[in-house]
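A.B. asks: I would like the atomic coordinates for the input below:
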Amino acid sequence: MGKVKIYLEMIKFEHSVFALPFAYFGAFLAEKRVPEWMTLFWITLAMVGARSFAMAVNRWIDMEIDRRNPRTAERALPKGLLSVSNVILFSVGSLAVFLLAVYNLAPICRYLWPIVVLPFVIYPYTKRFTSLSHFVLGLCLGLAPVGAWIAITNTVSMEPFLIGAAVLLWVAGFDIFYAIQDIEFDRRHKLYSIPARFGIRTSLTLTKILHVTSIFLLSWVGVRMHLGLVYFIGVAVTAILLAYENSLIKPHDISKLNVAFFTINGVISILLFCFVAVDVILGRSKIA
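C.D. replies: This next block holds a predicted model:
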């Protein structure tokens, strides 16, 4: 059980709360109804497998960087609680779980799955050469609603990409927040991040722009798909929470960073999906 706890800590399993609602968002809107339970099961399994693979690969690739950073030096790999071979085997197993789920979803998923996995492998390297690494991370999570939509419909359309773009910008924004705490370390070790390159004040301004644009895209999805009042209330609540999140971080005070990064974004993710689900269920009952 101790070893299991170490693995779960390595992949931050509890933070799946960020990722799963994104996929459910796409799944529920794909046909504007509650998906079949087995389909939801396979989507959930795919998300858990994909995220576990992504986190394990990230920890492996960044092992030496994590060892030098005081904030991350206590992680399992730098501390020697897990070996490289342990993490590689875990990554292979997680990828196998993802592929098992993929092959039980829509047939088109069997051909498109490498597009989902590739950004997971690329992302850890991006901080070594570009400040756009935050957007690559956003892409990794933004693919969740796109993949779930395709898994439900077996087709590709514009709407899930709008949802995915909204998630991408939202995630990129709060990852910029998160990178502020490593600003001096990144500069000293020539790692790329927007805070390290442009400073805290500019980073906070950019995050606000990204989050406003994300709300615009979510609103556009609602208009384009003729969604109901409940959905738009959910978008409004999301906007209020994002505004509050942005108000917590000041150029001279980042003491509330963990609240902004972990707590509020988890709440937003769950709440927005709940509003989507209720809107879909109410819309379906009106049709019936």
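A.B. asks: by contact count, what packs against the one helix or strand residue 93 maps to?
C.D. replies: Following DSSP states H and E, one finds residue 93 within helix 84-102. Contacts defined by 3 or more Cβ pairs under 8 Å, 6 or more residues apart in numbering; DSSP states H and E place helix 84-102 against helix 2-10, helix 37-61, helix 109-126. Every C-beta, even on glycine, is put in place using the N, C-alpha and C of the backbone.
A.B. asks: what's the closest of these to residue 92?
C.D. replies: Residue 92 lies closest to helix 37-61 among the helices and strands packed on helix 84-102, at 8.5 Å (Cβ to Cβ).
A.B. asks: per-residue confidence averaged over the next helix-or-strand element following that closest one?
C.D. replies: Going down the chain from helix 37-61, the next helix or strand is helix 63-68, by DSSP H and E. Throughout helix 63-68, pLDDT has a mean value of 94.
A.B. asks: got the contact list for helix 63-68?
C.D. replies: The contact list for helix 63-68 (Cβ atoms under 8 Å, 6 or more residues apart in numbering) reads 59, 72-73, 75, 77-78, 84, 185, 189, 191.
A.B. asks: Could you do stretch 117-131 as well?
C.D. replies: Stretch 117-131 is contacted from outside by 50, 53-54, 57-58, 61-62, 95, 98, 132-133, 136-137, 139-140, 143, 186, 191-194, 196-198, using Cβ under 8 Å, 6+ apart.
A.B. asks: where does residue 215 fall, helix, sheet strand or coil?
C.D. replies: helix (DSSP: H, G, I helix; E, B strand; the rest coil).
A.B. asks: residue contacts, it?
C.D. replies: By Cβ under 8 Å, 6+ apart, the contact set of residue 215 is 166, 235, 238-239, 242.
A.B. asks: Buried among the residues you listed? Make that a ChimeraX selection.
C.D. replies: Typed into ChimeraX, the line below selects the buried ones among these, using 16 or more other Cβ atoms under 10 Å:
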select :166,235,238,239,242
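A.B. asks: I'd like the contacts of residue 215 written out as a markdown table, with secondary structure and distance to residue 180 added.
C.D. replies: Shown next, in a markdown table, are the contacts of residue 215 (DSSP: H, G, I helix; E, B strand; the rest coil; distance: Cβ to Cβ, whole Å):
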| residue | secondary structure | distance to residue 180 |
| --- | --- | --- |
| 166 | helix | 23 |
| 235 | helix | 27 |
| 238 | helix | 22 |
| 239 | helix | 22 |
| 242 | helix | 17 |
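A.B. asks: need the contacts of residue 215 in CSV with pLDDT, can you?
C.D. replies: Shown next, in CSV, are the contacts of residue 215 (pLDDT from 0 to 100):
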residue, pLDDT
166, 97
235, 97
238, 96
239, 97
242, 95
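A.B. asks: Distance to residue 120 added to the contacts of residue 215, as TSV?
C.D. replies: Supplementary listing: the contacts of residue 215 in TSV, determined by distance: Cβ to Cβ, whole Å:
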residue	distance to residue 120
166	20
235	28
238	26
239	29
242	26
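A.B. asks: between the contacts of residue 215, which is closest to residue 216?
C.D. replies: Using Cβ to Cβ, residue 166 comes nearest to residue 216 of the contacts of residue 215, at 8.3 Å.
A.B. asks: Show the model's pLDDT score for the nearest residue to that closest one once chain neighbours are set aside.
C.D. replies: Leaving out its chain neighbours, the residue that sits closest to residue 166 by Cβ to Cβ, 6 or more residues apart in numbering is residue 217, at 3.9 Å. pLDDT recorded at residue 217 is 97.
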